[in-house]
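Visitor: Give me the fold of what follows.
(2 chains)
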Amino acid sequence: MIRQESKSPKRSETTLRERVFAHVLKVVPKGAKFEVVVSPRPEMGHYATNIALRLAKEAGRPPLALAEMLAKKIAAGAPKGFFESVTSAAPGFVNFKLSAATIRAEFGRIVKAGEAYGRVNVGRGRTAIVEYASLNIARPFHVGYLRNIAIGDTLANLHDALGYKVIRWNYLGDWGTQFGKLIAAYKMWGKKEDVDANPIGSLLDLYVRFHDEAKYRTELEEIGRDEFRKLEAGDEENRKLWTWFKEESLKEFAVTLKKLNVKFDVDIGESFFEGEMKPVVDELTGKKIAVRSEGAMIVPLEQFGLPPAMVEKTGGGSLYLTRDLANLKYRVLTYAPAKILYIVGNEQSLHFEQVFKVASLLGLAPQAELMHVKFGLVFAERGAKFSTREGNIILLNAVFAKAERLARDIVEKKNRDLSPKEKDAVAKQVALGALKYVNLRENRNSDVIFDWDAMLDFSGDSGPYLQYTYARLRSIVRKSQITSTSAKGGSASGGKSQAPNPKDGVVDLKRLETEGEFAVIEKLAEFPEAVRAAGETYAPNHLANYLYELANAVNRFYESTPILNVKSQAPNPKHQTATSGEDDDNDIVRRDARLLLVRTAAGILKSGLALLGIEAPEKI
RNA sequence: GCCCUCGUGGCGCAACUGGAUAGCGCGAGCGGCUUCUAUCCGCAAGGUUCCAGGUUCGAGUCCUGGCGAGGGCACCA
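Guide: You can find the predicted model right below:
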């Protein structure tokens, strides 16, 4: 099933950074290349550009002098009051300080954008297929999959936010020689009762045993291949076994996928393309792209610096690569995708280089951008690979159970007023948040060594830290709805007083004036670009890092600034507004402004977490 | 041998794709809970960014050559 069309979110104008960029653009020669970035040195300004450094040589002027001149021109060209200052700094940067009014106005825009904030319509409704999970029938769900699924799910979510129509595809590994081996093993040693009782577990045992014995019984490999040939030829008994294995496996997968809170639109697997491969091979040979070599059919690729790609085995069996080609053809015909992302580990780099190369030789998908989104392997320990064949894997369920127990203990201590059921639910969300986040916060290319402590660390740069930050904010909002009633004593809109709603026009943004408040707003303003960068560079860690920074700014604000009890307190006013004395009214107005900030920040944390596939509990 | 990744404080990682004084988490040190949830916040310590050259106003990032780790390279997926 395909999720509904994205409701064509209007491109919410531009971000602050883009507007600063536009002001620079007005005063520089056409075609000049430069960047405007969030300043790495906040004391120098909010944003900075390297334009003078870029133009200095061409202009034949020292960069700093040029920067100074440009600073003046930019300041003069911008609407009055947009910048607080535009200055130059060695070696030739131009720094922009935004005025308090600009920042407050930006906050107003963010509030107004509401839930749509962060959606950017660069995809314009084009289709993106994201292939991830790609579970293998009769193989257990081990921790390695977690990385794949966390990354794939996030990229799918991000593309949705970018305005693509996203198709989430769990490309099942349900075909190939491994099933011949499995069938052979079952025929030799398998018992129906065992499989019924524990399908994947017992099938895994058979698979492991097969490989153990194959080490000294070399004929087994050939027996396995033969059973697969029979399966492909439609042998009734093998067919039946295969179907049975698949059904049992899918049942188990469904449970785990539900636990992980991921859903797929398509779970068509390799077996689906069984009948589609012959035409592909025929086309390849017909066009003389593929040739016979040592009995097999290969596509020579040495002219592209690649080893030959085998598309048909000696004797006519199909291969993984052949199926990927057939699949690609099918996808292009069915969905006409603008891109296809293959979320698959690093170790298959060569495979995808070959697939893409052969596809381009065939002209299979001329319109589609094909992308192997690779990621580093998860190791058991230094130099020790997890191997299903060797049976040394850590099951996802085991990790999940351990994380859940830990989370449950914490919730137990913190929130005694929750019902046991609620506690369980929160514990699940926190555990899952922790597990997903560790897989998203780092550059996906690095290999990682599985580490229980890292998985279960709920402090610092972690999923639970973000969830906790959210829960604290929501707690304030909840409490405000009680105290607000007493403070205002039955206000305008009938009995129940709400936390401030911007549409009422009651919130005076001028009351936002502390450093902490501004820091949060400035961070909020970066959200759409964090989404965009993460999506366009296929780097979930950009978004994860951004959310961590946002949470950090929020927590600092939380620690330093009273929100519900503002009583005669305006710590470190950074931008003085004309204050006509601190009276109770002012306190209430200030409180409402801060509450609006709290609500908005909470909302964005929640959207951001949702993009990472992580739920945000209201209480922890 | 060829190809793909990766190499940054004790450990795990960032660095907006060539910009300013290389940031953060964990750990170890100090401080902050009768106050909106301490899974938090603050202060302080910790660096020759694997090595050697090169490119340029400017290099963790780019190029060349090394070194080290992991993965892949014909009938597995």
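Visitor: can you pull the contacts of residue A:544?
Guide: Applying CB atoms under 8 Å, 6 or more residues apart in numbering to residue A:544 gives the contacts A:437, A:440, A:441, A:612. For every residue, glycine as well, the C-beta is placed using N, CA and C.
Visitor: Compute the distance between the last one and residue A:345, please.
Guide: From residue A:612 across to residue A:345, the span is 20 Å (CB to CB, to the nearest Å).
Visitor: Same drill for the two, tell me which one is more crowded.
Guide: Using other CB atoms under 10 Å as the criterion, residue A:612 and residue A:345 rank with residue A:612 on top: 25 against 17.
Visitor: Quick check: that one touching residue A:154?
Guide: Yes: with contact defined as CB atoms under 8 Å, residue A:612 reaches residue A:154; the gap is 5.3 Å.
Visitor: looking at chain A, which helix or strand does the model trust least?
Guide: strand A:384-385 (a mean of 76; mean pLDDT, DSSP states H and E).
Visitor: Report the distance from that one to the chain centre.
Guide: Offset of strand A:384-385 from its chain centre (CA atoms, centre = their mean, to the nearest Å): 26 Å.
Visitor: now the helices: where do they sit in the stretch 1-150 of chain A?
Guide: Along the stretch 1-150 of chain A, counting by DSSP state H, counting those that start in this stretch, helices occupy A:16-25, A:51-59, A:63-77, A:100-113, A:143-161.
Visitor: Of these, flag the one that's most buried.
Guide: Among the helices of the stretch 1-150 of chain A, helix A:143-161 has the highest mean neighbour count (mean count of other CB atoms under 10 Å), at a mean of 25.
Visitor: near RNA strand B at all, the helix or strand just after that one?
Guide: Following helix A:143-161 in sequence order, the next helix or strand is strand A:165-169 (DSSP states H and E). No: shown here: strand A:165-169 not in contact with RNA strand B (CB under 7 Å from any atom of the strand), separated by at least 14.7 Å.
Visitor: and the angle for strand A:165-169 with helix A:143-161?
Guide: When axes from the mean of the first three to the mean of the last three CA atoms, to 10 degrees is applied, the directions of strand A:165-169 and helix A:143-161 differ by 160 degrees.
Visitor: For residue A:143, give me its contacts.
Guide: Applying CB under 8 Å, 6+ apart, we find residue A:143 in contact with A:378, A:386, A:393, A:394, A:395, A:396, A:399, A:450.
Visitor: Just give the nearest non-adjacent residue to the third one, would you?
Guide: The shortest distance from residue A:393 to any residue that is not its chain neighbour, by CB to CB, 6 or more residues apart in numbering, is 4.1 Å, and that residue is residue A:142.
Visitor: Count the neighbours of the one you found for me.
Guide: The number of residues near residue A:142, taken as other CB under 10 Å, comes to 20.
Visitor: Settle this for me: residue A:470 is touching residue A:606, isn't it.
Guide: Yes: shown here, residue A:470 and residue A:606 form a contact pair, counting by CB under 8 Å, at 6.1 Å.
Visitor: higher neighbour count, the two?
Guide: residue A:470 (27 against 20).
Visitor: Could I get the pLDDT score of that one?
Guide: At residue A:470, the pLDDT value in this model is 97.
Visitor: Doesn't it lie inside a helix?
Guide: Yes: if the criterion is DSSP: H, G, I helix; E, B strand; the rest coil, then residue A:470 is within a helix.
Visitor: Run through the residues that contact it.
Guide: If you count contacts by CB under 8 Å, 6+ apart, residue A:470 has them with A:602, A:605, A:606, A:609, A:616, A:617.
Visitor: Just the ones of these in helices?
Guide: A:602, A:605, A:606, A:609 (DSSP state H).
Visitor: In space, what's closest to the second one - neighbours in sequence excluded?
Guide: Once flanking residues are discounted, residue A:605 sits nearest to residue A:470: 4.7 Å by CB to CB, 6+ apart.
Visitor: swap in the first one?
Guide: Taking CB to CB, 6+ apart as the measure, residue A:602 lies nearest to residue A:473, with 4.0 Å between them; neighbours along the chain are not counted.
Visitor: Mind listing what's buried along whichever helix or strand the one you found is part of?
Guide: If you go by DSSP H and E, residue A:473 is part of helix A:463-488. By 16 or more other CB atoms under 10 Å, the buried positions in helix A:463-488 come out as A:463-474, A:476-477, A:480, A:484, A:487.
Visitor: cool, and stretch A:172-190?
Guide: A:172-186, A:190.
Visitor: Quick one: residues contacting the residue of the stretch 51-200 of chain A at minimum distance from RNA strand B.
Guide: Nearest residue of the stretch 51-200 of chain A to RNA strand B (CB to the nearest atom of the strand) works out as residue A:176 at 2.4 Å. When contacts are counted by CB under 8 Å, 6+ apart, residue A:176 is found next to A:228, A:270, A:320.
Visitor: if we go to 10 Å?
Guide: Contacts for residue A:176 (CB atoms under 10 Å, 6 or more residues apart in numbering) come out as A:136, A:137, A:228, A:231, A:232, A:270, A:271, A:317, A:318, A:319, A:320, A:323.
Visitor: related to what we said a few turns ago, which ones among the buried residues of helix A:463-488 come in contact with RNA strand B?
Guide: A:464, A:465, A:468, A:471, A:472, A:474, A:476.
Visitor: Run through the residues that contact the third one.
Guide: Which is residue A:468. Residue A:468 neighbours (CB under 10 Å, 6+ apart): A:410, A:414, A:430, A:433, A:458, A:459, A:462, A:551, A:555, A:616, A:617, A:620.
Visitor: Please list only the buried members of the contacts of residue A:176.
Guide: A:136, A:137, A:228, A:231, A:232, A:270, A:271, A:317, A:318, A:319, A:320, A:323.
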